[in-house]
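Enquirer: What follows is a predicted protein model with its sequence.
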Amino acid sequence: MMDSLHRLRVEYGKDDRLAYLGHLEVIGTVQRSVRRAGLPFSIGNGFARRMRIQFSQALPVGASSACEYYDVYLEDRIDPDEALELLAAATPPGLAPVRAAYVDPHQDALEAWLTRATWDCVLVGQGLAPVAWTRATAAVRAKGSLRYLRGDKEKTVQLASTLVSADFSPSEEGLRLALETRNTPEGSLRPGVLVEAARELLGAEAGIMDTLRVRRVWQSHEETDGSLVEPL
Amino acid sequence: MRAKREDLFPLIEPLLSKVERPSRYLDHEWGACEEQDGPFHVCLVYADVYEVGQPNLGLAILYKCINAVEGMSCERAYLPWTDMISLMRERGVPLLSLECAAPLASFDVVGFTLAHELVATNVLETLDLAGIPLTSAERAEDDPLVVAGGPSVWNCEPLAPVFDAVLLGDGEEGLVDICAAIRDCRDVGMPRQEILLRLAQVPGVYVPSLYDVVVDETTTRWGKAVPREGTGAPAVVRKRCMGDFAGTDPLAQDIVPYLGIVQDRLAVEVLRGCARGCRFCQAGMTYRPVRERPAEQVVTAAEEGLARTGYDEVSLTSLSTTDHSQCAQILHELNAATAGKGVRVSIPSQRLDSFGVEMAGEVAGAKRSGLTFAPEAGTQRLRDVINKNVSEQDLETAATNAFEHGWRRMKLYYMMGLPTETDEDVVAIPASAERVMQLGRRIVGPHKGVAVSISVAVFVPKAHTPFQWCGQLWPEEVERRQRILVGSNHDRAIRVTYHDAGTSLVEGAVSKLGRRGFDLVYRAWELGCLFDAWTSEFRLDLWRQAAADVGLDLADVACEQFELDAVLPWDHTSPGVSKGFLQREWRRAMQGVTTPDCTRDSCQGCGVCPSLGVDNVVWGERS
């Protein structure tokens, strides 16, 4: 059955106020957009008869993105440009699709396949010194793992495998953090978690951070040899 | 003074990362009407959080009707959740509309829908957060006109001081007429008091400030509302009614929300009104007559709506959808049209006596998760008293059809505290559920996941029903009968839930009170009562304190029985059903005599058709 389907990958953004949508809300909105676009999507055989669609890893609520992806399985192969046009006309502008192409239907599930992410974060505030924050982040990393609360649940993330690099530089609004992360089957690192851990370590030396603005700017697949493969 | 109309979203945005479910406050949903040029601006408010208010079909209908009028714009507002309210108050941010993030106090008209009695304190909170004076009397010349409508206006006296005008009945034309009258009056610079006099001349509009409350020997202790001399306000305000219901837009919902809302699906209103005549049911009396949409209109609208919104479920809504004379045809055609698209066609609840084999085969397509039936009472005697007109055999037949057609879960709704109820009637509730469970186990198999649950609400007497004279069951007695209910359930697989006696007590008191009820509601709000319909937020202790502070006792109010010939606090409003008919129905109830449905039998003389100049509209044959 799956062999006869066509796996269309769509790249889209998450911008403006729609950055505040939760992952489930994004999923619901995209699925309705696909239906409105009239694409010949495939339906699963389960009890709930859901659309066959996969999404890239959840963004934190409030984070924007230039590079989100979904793979929708189509029963008929239609021109990707035409599909893109139909989707663009049926999607709220904050989640507008920007590129679409067919990919290998046998590739791993999208969420597992996209293993690398680049983040552009801005710590908005005063007295935020790049040197201090770089030192604190290195100290956090040196601990090997990081425990944090997500809601009521305690989580642990291994920094050795998930934190690739973190570079701080001054910005007009405070401090800019260019962050590279890796998703592993055991977990992934959210920018806010790392920043919070560094802030705690710094204490009064951290300065005053009013807001943390997070944007995912790039996602890719990392091969075993370390080379990076673009999603499209 | 009227606030300036401006986009204040930048004041809300910094708060979004600090609150639960920020998507409640975003707007920009698919289908929202973003062009709001006015120049006449209306904001419709559902005084609860977005996910509760957004699915309200009445507001969706009115939003579309007003936005369709040249020169009028309509936006939406909901009451933020408590976390956002605190932040807004802390930072001095007023309540804003969704579409333009404009202050509510900048609108020409602010319209509330009153969905139930427990929304009262939320209405006050909404106005206060918006910076609009709480009562009509306090509002300045230029303040917005605050109006209300909806299913719970039939005793709006406890909130009467709040509203400049109240619309009774269907709003499609009525609300547009109200807005047009206000616009025309404002255009010529008419003073506010004269605008109110003008509104009282619009059919279906009740202007509370033009009525005095008079208590005399003909009334209850809550008195009656009498129009002030010289105002020209009618002694009795009759509801508006859309006789040509099929001529209205069947597809009211355009907005597709981002977050999961309580009814997250496309809704097509297939018929309005119900003539079954259940004697406890306010909607059954106040939405008459029965007006069906023809099958082809429903099917076309549902197909078009699914394509336009992208929903994967369509609900055929009404007070009693399976009563539609073409229901099976609609279901059959819709199922055929949506086959293979992963679309579910659903019906909110099914009547026991119309859930036949054909219906069982068509409802919900392949995904048969659960079914809901409402026998309402455990014994035939009591079902006759309430005129439910279903039998134990109907329940068994419906359950058999459901289990044989793939359903595994069944929910049964009952009420407790109905007039003449005895302990035997209470004990019969779980017994009835046990028979359904046994049927399920026999048909489906003993360990195949058959689940039966019963939910028992406390009966609250409502205005304009044959039971409007009844007193509510005393809270201690409610609790005793609830213990009997739980104790007589012998099958642990049957889940029994019942409504909180305290919430029902407040609902009962607010349903019964006249205009003096405003003191209670206001005091409760002052003490911090908010989101009273939310179990997590409801505070009976504060309501009791509020009642004591204004010299009332909740149980004393809710449980009082009125004399059959007394003038009631809501007698100046009329849904068209005559008081004589309601009195006759009350007497028949006490005799256990049932009254047939006039869409299946002859006219029963309720008075709606002649008084409103309308008729039942039924496209096929009702079986």
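Expert: Thanks, I have the structure now.
Enquirer: Now do the same for the closest residue to chain B within chain A: its pLDDT.
Expert: Among all residues of chain A, residue A:32 sits closest to chain B, at 3.1 Å; criterion: C-beta to the nearest C-beta. Any C-beta I mention is one placed from the backbone N, CA and C, and that applies to glycine too. Note for residue A:32: predicted pLDDT of 97.
Enquirer: Can you name the element that comes right after the longest helix along chain A?
Expert: Counting by DSSP state H, the longest helix found in chain A is helix A:23-37. Later in the chain than helix A:23-37, the nearest helix or strand by DSSP states H and E is strand A:53-55.
Enquirer: My assumption is that residue B:340 lies in a helix; please confirm.
Expert: No - read with DSSP: H, G, I helix; E, B strand; the rest coil, residue B:340 is coil and lies in no helix.
Enquirer: Tell me how far the longest helix of chain A lies from the chain's centre.
Expert: Distance of helix A:23-37 from the chain centroid (C-alpha atoms, centre = their mean, to the nearest Å) equals 17 Å.
Enquirer: which residues sit against it?
Expert: By C-beta atoms under 8 Å, 6 or more residues apart in numbering or on different chains, the residues outside helix A:23-37 that reach it are A:12, A:14, A:21, A:41, A:51, A:53, A:55, A:58-59, A:68, A:70, A:72, A:83, A:86-87, A:89-92, A:95, B:23, B:30, B:256, B:258-260, B:306-312.
Enquirer: Export that helix to CSV, keeping only CA atoms.
Expert: The C-alpha trace of helix A:23-37 is given here as CSV (Å, rounded to 0.1, in the frame of the first residue of the first chain):
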residue,chain,number,x,y,z
HIS,A,23,2.8,21.6,18.3
LEU,A,24,-0.6,19.9,18.4
GLU,A,25,-2.2,23.2,17.2
VAL,A,26,0.3,23.4,14.3
ILE,A,27,-0.5,19.8,13.4
GLY,A,28,-4.2,20.4,13.4
THR,A,29,-3.9,23.6,11.4
VAL,A,30,-1.6,22.0,8.8
GLN,A,31,-3.9,19.0,8.4
ARG,A,32,-6.9,21.3,7.8
SER,A,33,-4.8,23.3,5.3
VAL,A,34,-4.0,20.1,3.4
ARG,A,35,-7.7,19.2,3.3
ARG,A,36,-8.7,22.7,2.2
ALA,A,37,-6.0,22.6,-0.5
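Enquirer: what about the residue most central in space within chain A, which helix or strand?
Expert: Centroid-nearest residue in chain A, with C-alpha atoms, centre = their mean: residue A:59, separated by 4.6 Å. Under the criterion DSSP H and E, no helix or strand holds residue A:59.
Enquirer: In the stretch 151-300 of chain B, what residue lies closest to chain A?
Expert: residue B:258 (4.6 Å).
Enquirer: Please verify my assumption that that residue contacts residue B:23.
Expert: Yes - taking C-beta atoms under 8 Å as the definition, residue B:258 is a contact partner of residue B:23 at 4.8 Å.
Enquirer: Find residues that contact each of those two.
Expert: By C-beta under 8 Å, 6+ apart, the residues touching both residue B:258 and residue B:23 are A:21, A:25.
Enquirer: residue ranges of the strands in chain A, please?
Expert: A:6-14, A:53-55, A:64-74, A:97-103, A:116-126, A:145-150, A:153-158, A:163-171, A:174-182, A:208-222, A:228-229 (DSSP state E).
Enquirer: I'd like to know which of these is closest to residue B:205.
Expert: strand A:6-14 (46.0 Å; C-beta to C-beta).
Enquirer: State the pLDDT value of residue 107.
Expert: By default, I'm working from chain A. Reading off the model, residue A:107 has pLDDT 93.
Enquirer: if you could check chain B rather than the one you did, that'd help
Expert: 98.
Enquirer: Kindly report the same for the one 5 residues further on.
Expert: What the model reports as pLDDT for residue B:112 is 98.
Enquirer: before we move on, what about residue B:261?
Expert: pLDDT, read off for residue B:261, is 88.
Enquirer: Once you drop chain neighbours, what's closest to residue B:209?
Expert: Excluding its sequence neighbours, the residue lying closest to residue B:209 (C-beta to C-beta, 6 or more residues apart in numbering or on different chains) is residue B:136, at 5.1 Å.
Enquirer: can I see the domain layout of chain A?
Expert: A:2-113, A:116-229 (automatic domain parsing).
Enquirer: For the ones you listed, state which one has the densest average packing.
Expert: Using mean count of other C-beta atoms under 10 Å in any protein chain shown, the stretch among those with the largest mean neighbour count is domain A:2-113, at a mean of 18.
Enquirer: Regarding that domain, how distant is the last residue from the first?
Expert: One end of domain A:2-113 to the other measures 18 Å (C-alpha to C-alpha, to the nearest Å).
Enquirer: The stretch 451-600 of chain B: strands as residue ranges?
Expert: Using DSSP state E, counting those that start in this stretch, the strands of the stretch 451-600 of chain B run over residues B:451-458, B:495-498, B:573-574.
Enquirer: if I pick the residue in chain B that chain A sits nearest to, what's in contact with it?
Expert: Of all residues in chain B, residue B:310 sits closest to chain A, at 3.1 Å by C-beta to the nearest C-beta. Going by C-beta under 8 Å, 6+ apart, residue B:310 touches A:31-36, A:90, B:30, B:256.
Enquirer: and of these, the nearest to residue A:229?
Expert: Out of the contacts of residue B:310, the member with the shortest distance to residue A:229 (by C-beta to C-beta) is residue A:34, at 25.1 Å.
Enquirer: near chain A, which residues of the stretch 1-150 of chain B?
Expert: B:9, B:13-14, B:16-17, B:21-23, B:26-30 (C-beta under 8 Å from any C-beta of the partner chain).
Enquirer: where does chain B have its least confident helix or strand?
Expert: When the helices and strands of chain B are scored by mean pLDDT, DSSP states H and E, helix B:357-362 comes last with a mean of 74.
Enquirer: Spell out which parts of the stretch 301-450 of chain B neighbour chain A.
Expert: Going by C-beta under 8 Å from any C-beta, the residues of the stretch 301-450 of chain B near chain A are B:306-312, B:340-342, B:344, B:366-367.
Enquirer: Any of these buried? List them.
Expert: With burial judged by 16 or more other C-beta atoms under 10 Å in any protein chain shown, the buried subset of those is B:306, B:308-312, B:342, B:344, B:367.
Enquirer: Keep only those of the residues you listed that are in helices.
Expert: Short answer: these in helices (DSSP H) are B:306, B:308-309.
Enquirer: residues from chain A in reach of chain B?
Expert: A:16-18, A:20-22, A:24-25, A:28-29, A:31-36, A:38, A:43, A:47-51, A:61-62, A:90, A:92-94, A:211.
Enquirer: now with 6 Å?
Expert: For chain A, the contact set with chain B under C-beta under 6 Å from any C-beta of the partner chain comprises A:17, A:20-21, A:25, A:29, A:32, A:35-36, A:43, A:49, A:62, A:92.
Enquirer: Dump those residues to TSV, plus distance to residue A:231.
Expert: Shown next, in TSV, are the residues of chain A next to chain B (distance: C-beta to C-beta, whole Å):
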residue	distance to residue A:231
A:17	26
A:20	24
A:21	21
A:25	22
A:29	20
A:32	23
A:35	23
A:36	24
A:43	24
A:49	28
A:62	23
A:92	22
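Enquirer: Which residue ranges of the stretch 101-250 of chain B form helices?
Expert: Applying DSSP state H, counting those that start in this stretch to the stretch 101-250 of chain B gives helices spanning B:120-130, B:171-187, B:192-199.
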